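Colleague: Sharing a model that was predicted from the sequence below.
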Amino acid sequence: MQIRHAGLVVAAALAASLLAACGSSADSATTTSATTTSATVWLCRPGVSPDYCAGSLSVTAVSGTGVQTVTTAVANASSPFDCFYVYPTVSTQRTDNANLKIQEGEIGAAISQASPFSQVCRVYAPMYRQRTEESLLKGLGNDPAADSVAYQSLLSGWRSFLAHDDDGRPIIFVGHSQGAAMLIRLLRSQVDTNAALRRRVVAAILLGGNVAVRTGSTSGGTFAHLSLCTSTRVPGCVIAYSSFPSAPPVGSPFGRPGQGVSLQSDQTASAHLQVACVNPAALGGGTAQLAPWFLNATANVAHVTTTWVSFPALYSAACAHANGATWLQVTDIAAAGDTRPVVSELLGPSWGYHADDVNLALGDLVSDVAALETSYQRAHLDAG
């Protein structure tokens, strides 16, 4: 049995079930109403309706022997922290860049990747004119004009967020795939070299985006100042990885600097660099069990009635490096007779578990953010 999904594009039937799960309704089969601030259309924005990052957070943990334990969690609407989320490639529009209409793909991504962070922050997600699947068929580095349109659109949303919403609060950045690539551009140009903004960074979660560091180091490369997370005690850091069940093949879009998804964020350098890997289950390194969270609409576990399902002791993870590649090695550790659904290399060995980068460790990532927020508050209390 495997996790059912449609890769980076969320199928219309799934999106319909997700809409029901978050108690929202669509204006049509493909487009929903939008909240706007100036020229920005908001997929998620606290206090507005619909807010696709504010759905049900109750989760059923299913053990390897089938024992189910339900935990109720709720969004923290009064959190002193903001999350700024950028979704991955989901648009199937037949143009190089998507428009700003909210459709099933964006809704599905927001719910499945971003909504659990609402436990620990107020989640904002602007629509942006991302490169569509059709555009990406030209190659990741073969349409710089479309990449520029996507980034300028996101930059407009970021500026609107700063001007109208954030009010000086500390920020967690969350992005996956194309969303991570766009956030890398944003952080490099707007945050990393701006000391005042940099002090407000709690964490940047940049998955499947080929963040680079100096070989053997936790810094340098992509960012001049932001370093990789090595402990929950030191906020203002980056969590980055691409997940695979084995070494990424030569030519994979992930794991090697200066190629593949690196080109979407204009990272062409490769000399003396390696792609970053931070184990979300063990920021200091080593092997640890992951805490995966999936929507039960995709996992489809019998007798689970909560929106979310988790699978403890199903996977372990550790950062690995070989043949010029760095990746998060995800290993199935299920015991004999364990019938829980598992992920697969949906898009082939070159993509590994890319479609599930976020959900394989979503419980860990939320816990990491919570711990880094506590450290951030302590550090600023001591400084004040």
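Modeller: Arrived safely, thanks for sending. Numbering: from 1, shown residues only.

Colleague: what ranges do the helices span in the stretch 1-150 of the chain?
Modeller: Using DSSP state H, counting those that start in this stretch, the helices assigned to the stretch 1-150 of the chain run over residues 12-21, 104-109, 133-136, 144-161.

Colleague: Can you tell me which of the ones you listed has the worst average pLDDT?
Modeller: Sorting the helices of the stretch 1-150 of the chain by mean pLDDT places helix 12-21 lowest, at a mean of 31.

Colleague: returning to that earlier point: possible to save the helices of the stretch 1-150 of the chain as JSON lines with distance to Ala240 and mean neighbour count?
Modeller: Backbone N, C-alpha and C define where each C-beta goes, glycine included. Converted to JSON lines, these look like this (distance: least, Cβ to Cβ, whole Å; neighbours: other Cβ atoms under 10 Å):
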{"stretch": "helix 12-21", "distance to Ala240": "27", "mean neighbour count": "18"}
{"stretch": "helix 104-109", "distance to Ala240": "19", "mean neighbour count": "27"}
{"stretch": "helix 133-136", "distance to Ala240": "21", "mean neighbour count": "19"}
{"stretch": "helix 144-161", "distance to Ala240": "18", "mean neighbour count": "19"}
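
Colleague: now for those, which one comes closest to Ser63?
Modeller: The closest of the helices of the stretch 1-150 of the chain to Ser63 is helix 12-21. By Cβ to Cβ, the value is 23.4 Å.

Colleague: Can you tell me what sits against stretch 71-80?
Modeller: The contact list for stretch 71-80 (Cβ atoms under 8 Å, 6 or more residues apart in numbering) reads 46-47, 54, 57-61, 116, 118-122, 169-170, 377.

Colleague: which residues of this structure score low on pLDDT?
Modeller: Scanning the chain for pLDDT under 70 picks out the ranges 1-38, 383-384.

Colleague: returning to that earlier point: Arg340: which of the helices of the stretch 1-150 of the chain is closest?
Modeller: Going by Cβ to Cβ, the one of those nearest Arg340 is helix 12-21, 19.6 Å.

Colleague: how about the helices in the stretch 201-350 of the chain?
Modeller: 296-299.

Colleague: Which parts of it are strands?
Modeller: 201-207, 212-214, 227-228, 237-241, 243-244, 273-275, 288-289, 293-295, 308-310, 315-322, 325-332 (DSSP state E, counting those that start in this stretch).

Colleague: what would these look like in a markdown table with mean neighbour count?
Modeller: Formatted as a markdown table, the strands of the stretch 201-350 of the chain follow (neighbours: other Cβ atoms under 10 Å):
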| stretch | mean neighbour count |
| --- | --- |
| strand 201-207 | 27 |
| strand 212-214 | 20 |
| strand 227-228 | 18 |
| strand 237-241 | 26 |
| strand 243-244 | 26 |
| strand 273-275 | 24 |
| strand 288-289 | 17 |
| strand 293-295 | 25 |
| strand 308-310 | 24 |
| strand 315-322 | 18 |
| strand 325-332 | 21 |
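
Colleague: Output the ones you listed in JSON lines, with distance to Asp82 appended to each entry.
Modeller: Formatted as JSON lines, these follow (distance: least, Cβ to Cβ, whole Å):
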{"stretch": "strand 201-207", "distance to Asp82": "9"}
{"stretch": "strand 212-214", "distance to Asp82": "26"}
{"stretch": "strand 227-228", "distance to Asp82": "21"}
{"stretch": "strand 237-241", "distance to Asp82": "17"}
{"stretch": "strand 243-244", "distance to Asp82": "27"}
{"stretch": "strand 273-275", "distance to Asp82": "28"}
{"stretch": "strand 288-289", "distance to Asp82": "28"}
{"stretch": "strand 293-295", "distance to Asp82": "21"}
{"stretch": "strand 308-310", "distance to Asp82": "23"}
{"stretch": "strand 315-322", "distance to Asp82": "28"}
{"stretch": "strand 325-332", "distance to Asp82": "27"}
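
Colleague: nearest to Glu373, of these?
Modeller: Closest approach to Glu373 among the strands of the stretch 201-350 of the chain (Cβ to Cβ): strand 201-207, 5.8 Å.
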